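[1] Give me a model of this one.
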Amino acid sequence: MAVPAYATRIMLDQYDVSADNRQVSVELMAEALDVSAFQTASRLLSPGAPSGKIATSGYWSGTAVTGLDPLLYARLGAATNGVVSVLFDTRALGNPAYVQQSTWNGSAKIGAPIKDVITLDAEWQAFTNRGLSVAHGTVAGTGGIGATGVDFTTAGTKGGFAVCHVRSISGTATGATITLQSSAAGAMTSPTTHGTFTFSAVGAYLITWSGATGRYIRPNCTSLGGATNFGVTIIAGVTGVTG
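    Numbering: from 1, shown residues only. Model prediction:
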């Protein structure tokens, strides 16, 4: 069944810029390397290192700090890289999401057709990881985020990654912590902890791990850090399983 495109979400560090964008494309690439040699009967090609491109097309929304124009301009060729995530089919958790863990804006194009609205396009080009969404919402207490773990269909053996976009914090958080756990069962019995997001401010946070990963993954809030609640979007990827 076809999935409506409006169910897409775009995250830029701590900002959900979905409502300021109208189109996004994710392109995964692997450059073909010419490895032809003497005495070979035909041209030989070998896959090079994978890369990716995320292109967004949105609307100019003013000069406020959270507007698309200042957000993109601040990251244009920036030395301090950001995190960009695109989540497809956000009607439920466990659907694909693509993450550039360390990227910058490579271009910003502003269009102002006389009979239309002002548009603002950007392009992000870096290695792009594939994962699944495992949390999106407001966390107001400790414990597992979600009733059950998200099913990754199979266990992994080569580790993985996770990104936590902390979108908002109510009150003051000092050393708030969310662990990422996996288990062989959806009820998350006897889970294994793979890493911890520790934060005191909004932003994007990354963890990686090695070794075995269970089939089911769920974030677990272990401390609010004194905050009343915080809004998070979390994506996890398992090497060899999600990509």
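[2] gap between residue 1 and residue 91?
    As defined by CB to CB, to the nearest Å, residue 1 lies at a distance of 12 Å from residue 91. For every residue, glycine as well, the C-beta is placed using N, CA and C.
[3] Looking at those two, which is more packed in?
    Higher neighbour count among residue 1 and residue 91: residue 91, with 8 against 2, using other CB atoms under 10 Å.
[4] ok now do the residue found closest to the more buried one once you drop the neighbours it is linked to in the chain, which residues does it touch?
    Of all residues not flanking residue 91 in the chain, residue 7 sits nearest, at 5.3 Å (CB to CB, 6 or more residues apart in numbering). Listed by CB atoms under 8 Å, 6 or more residues apart in numbering, the contact partners of residue 7 are 88-91.
[5] For residue 119, see how far away the residue most central in space within the chain is.
    Closest residue to the average C-alpha location of the chain: residue 85 at 3.2 Å, with CA atoms, centre = their mean. Distance of residue 85 to residue 119, given as CB to CB: 22 Å.
[6] And for residue 1?
    Taking CB to CB, one finds residue 1 at 31 Å from residue 119.
[7] Which secondary structure element is home to residue 231?
    In the assignment (DSSP states H and E), residue 231 maps to strand 229-238.
[8] Tell me which other helices or strands that strand touches.
    Strand 229-238 sits against strand 82-87, strand 96-103, strand 129-139, strand 160-170, strand 176-183, strand 216-223, with contacts defined as 3 or more CB pairs under 8 Å, 6 or more residues apart in numbering; DSSP states H and E.
[9] now the angle from it to strand 96-103?
    If you take axes from the mean of the first three to the mean of the last three CA atoms, to 10 degrees, strand 229-238 sits at 100 degrees to strand 96-103.
[10] Please compute how far strand 229-238 lies from its chain's middle.
    9 Å (CA atoms, centre = their mean, to the nearest Å).
[11] relative to strand 129-139, how tilted is it?
    Going by the same axes, to 10 degrees, strand 229-238 makes 160 degrees with strand 129-139.
[12] Neighbouring strands of strand 229-238 in the sheet, and parallel or not?
    strand 129-139 (antiparallel), strand 160-170 (antiparallel) (DSSP bridges).
[13] of all those, which lies closest to residue 67?
    Closest to residue 67 of these, according to CB to CB: strand 160-170, at 16.2 Å.
[14] Need the strands paired with strand 229-238 in CSV (columns: distance to residue 73, mean neighbour count and mean pLDDT).
    Below are those laid out as CSV (distance: least, CB to CB, whole Å; neighbours: other CB atoms under 10 Å; pLDDT from 0 to 100):
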stretch, distance to residue 73, mean neighbour count, mean pLDDT
strand 129-139, 26, 20, 97
strand 160-170, 20, 22, 98
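[15] Nice, that's everything, thank you.
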